[in-house]
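Trainee: Quick one, structure for this:
(one chain, ligands or ions: 1)
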Amino acid sequence: MNLSEIIRERRSIRKYLDRDIPREVLSELLEDALWAPSGTNRQNWDIYVVRGEKKDKLLESVKLAGEIFKPKLKTLFPEKMVNITLNFFRDLGGAPVLLLVYMPKVTYEIRPDMSSLEKYKAEHARFTNTLSAAALIQNILLLAKEKGLGTCWMTAPKNAEDQINEEMGITDKELVSIIPIGYPDQDPPAPPRKGEKIHWIGF
Ligand SMILES: Cc1cc2nc3c(=O)[nH]c(=O)nc-3n(C[C@H](O)[C@H](O)[C@H](O)COP(=O)(O)O)c2cc1C
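Mentor: This is a model prediction of the structure:
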């Protein structure tokens, strides 16, 4: 597969085979992913690779996140979709491994009266760290696809971030996303992409 095919054919996978991923495969994938760009090359990220009992414990917190997220989901999707989504939160589709991406915890204040520059300065660290972590995560998703692995980028678990961090024993970092990873047990259709997102100027 070339890069364009990998990008276009990657899907969010929400059902996985009961098949372990060899550690060498995960290690190679993550070492490659770490070549993502990062703001001022800070590489302000950490990846936790979790399986076994700790993963099962984390699933309890993810399930809680689903319950907390439920009222919001109901405003976004029809009932059937809400149930499918919540079902996924119960076991993350049986994924054998969870990747947790963290960035440093930073605090700042944004006030409505701030200028754009003041806001940017105040949130610069978190803004840059978030974008850098997103580049890392996209690398993970694409490299996984290349290796025949499925993933689902998830931020909804942040609804139970305190519980997740406690389970992980992490106090000084912010959870960016959780990515279940495993061999896919589904081939979902591509959700349609919206048009008119590219604005050509001066062509
Ligand atoms: C920042 C971000 C957060 C996401 N969070 C969730 C999530 O919490 N749960 C989930 O099931 N999917 C989540 N997704 C996956 C999107 O729903 C999915 O990418 C989108 O529907 C397009 O489908 P595709 O990935 O198959 O192309 C997230 C994706 C991104 C980029």
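Trainee: Not counting its neighbours along the chain, what's nearest Asp20?
Mentor: Pro96 (5.3 Å; Cβ to Cβ, 6 or more residues apart in numbering). Using the backbone N, CA and C atoms, a C-beta is placed for each residue, glycine as well.
Trainee: For the nearest residue to Tyr120 once chain neighbours are set aside, pull up the helix or strand it's in.
Mentor: Spatial nearest neighbour of Tyr120, excluding adjacent residues (Cβ to Cβ, 6+ apart): Phe127 at 7.3 Å. Following DSSP states H and E, one finds Phe127 within helix 116-146.
Trainee: can you check Tyr102 too?
Mentor: With DSSP H and E as the test, Tyr102 turns up in strand 97-104.
Trainee: My guess is the residue nearest to Asp20 contacts Pro22. True?
Mentor: No: assessed by Cβ atoms under 8 Å, Pro96 is found out of contact with Pro22, at 10.8 Å.
Trainee: neighbour-wise, which of these two wins?
Mentor: Pro96 (18 against 8; other Cβ atoms under 10 Å).
Trainee: In contact with the nearest residue to Ile170 once chain neighbours are set aside, which residues are there?
Mentor: Counting by Cβ to Cβ, 6+ apart, Ile170 lies nearest to Tyr102, which is 6.7 Å off, once chain neighbours are set aside. The neighbourhood of Tyr102, defined by Cβ atoms under 8 Å, 6 or more residues apart in numbering, consists of 45-48, 170, 173-176.
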